[in-house]
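Undergrad: What would the 3D arrangement of this be:
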Amino acid sequence: MGRGTGRPCQRPLSTVGRMRRRTLRWEGSVAVVTGGSRGIGRAIAEHAVGRGARVGLVARDRDTLQATLESLGGSGAGAVAVADVADRTGLEKALDELTAALGPPDILVNNAGLGAAGPVAALPVEAIERVMAINYLGTVYATKALLPGMLERHRGHIVNIASVAGRFAAPGEAAYSATKFAVVGFSQSLALELHGTGVHVSLVDPGPVDTGFFEARGADYQRRWPRQVPASRVATAVLEAVERGRFEVFVPPWYRGAGVFQAALSGVLRIVPPAVFGITPSESDVAEALRGAAQLREQAGDDPPH
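TA: I've put the predicted structure just below:
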């Protein structure tokens, strides 16, 4: 996979104008989806294949990846590669494998995500580091790996799955929310930098999604409203963001107003009782984050923290 400086060449103004208006169609495209074996990532892959794209799926478990690909139609639908997105070298190797199998990616969906709910005072630093490495740095690593090729071809679309937690915060969500705020800022700056290059950026901000993700983060979603939305709804938002060239999409759309409200009244919200937010953090269940961090340390041959 070619990796250059990432500096777009100068184009005539008439050509740049045409590139600004051009959007990608999923049909005939190659789309890479991180965290593509389950949940939102799997739903995105299903919708993408349904629109005529071939998909390259990245996740940590080969058996789950292979089962997902078979459900999509097997090798005719795409290819899989195993990587932990927090491992930059391993992720770059996986993306090279997918490029060799499918051709240069036209669309990158940075979807891989992890959480660790609980009060900051109770969360191990290693869990906070792991969540940041997956949710934010994993997005950066994949983007840096594929962006130069997109710039060389003057064609591409990067979709970053953030969260409404990246627009307004909730108690017990400091570790997760910080990563999604980082993804929002990264996406905004990247979109400005890529103006006129033919490469576009979209940001999708889901609210609660019915994927079992809350349980995996050690939190119970206890509110009847707002209801969790199905993963397929987020997948539809991703597809439409690319085809319509939209920068930011909230799922459901009314969350946009909630983000504006908190930005205007952030000082007031600090006195709101935690129960209003509908998430009851658990101090004990950060096992997945700690396990992933330990696995990467073992691969690198590092000693465990003291």
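Undergrad: just for the chain, where's the confidence low?
TA: Applying pLDDT under 70 to the chain picks out residues 1-22, 211-228, 252-290, 292-293, 296-306.
Undergrad: buried ones in the lengthiest helix in it?
TA: In the chain, assigned by DSSP state H, the helix with the most residues is helix 174-193. Within helix 174-193, the residues that count as buried by 16 or more other C-beta atoms under 10 Å are 174-184, 186-187, 190-191. In short, each C-beta sits where N, CA and C put it, glycine included.
Undergrad: Run through the neighbouring helices and strands of it.
TA: The elements that helix 174-193 packs onto, with contact taken as 3 or more C-beta pairs under 8 Å, 6 or more residues apart in numbering; DSSP states H and E, are helix 125-132, helix 138-153, strand 156-161, strand 199-206.
Undergrad: pull the CA atoms of it into CSV?
TA: Provided in CSV are the C-alpha atoms of helix 174-193 (Å, rounded to 0.1, in the frame of the first residue of the first chain):
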residue,chain,number,x,y,z
ALA,A,174,-15.3,10.2,31.4
ALA,A,175,-13.0,7.6,29.9
TYR,A,176,-15.3,6.8,27.0
SER,A,177,-16.5,10.4,26.4
ALA,A,178,-13.0,11.8,26.3
THR,A,179,-12.1,9.4,23.4
LYS,A,180,-15.2,10.4,21.4
PHE,A,181,-14.6,14.1,22.0
ALA,A,182,-11.1,13.5,20.5
VAL,A,183,-12.6,11.7,17.5
VAL,A,184,-15.0,14.7,16.9
GLY,A,185,-12.1,17.2,17.0
PHE,A,186,-9.9,15.0,14.8
SER,A,187,-12.7,14.7,12.2
GLN,A,188,-13.4,18.4,12.2
SER,A,189,-9.8,19.3,11.6
LEU,A,190,-9.3,16.6,9.0
ALA,A,191,-12.4,17.7,7.0
LEU,A,192,-11.0,21.2,6.8
GLU,A,193,-7.6,20.0,5.7
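Undergrad: Let me know the angle separating it from helix 138-153.
TA: The directions of helix 174-193 and helix 138-153 differ by 10 degrees, with axes from the mean of the first three to the mean of the last three C-alpha atoms, to 10 degrees as the criterion.
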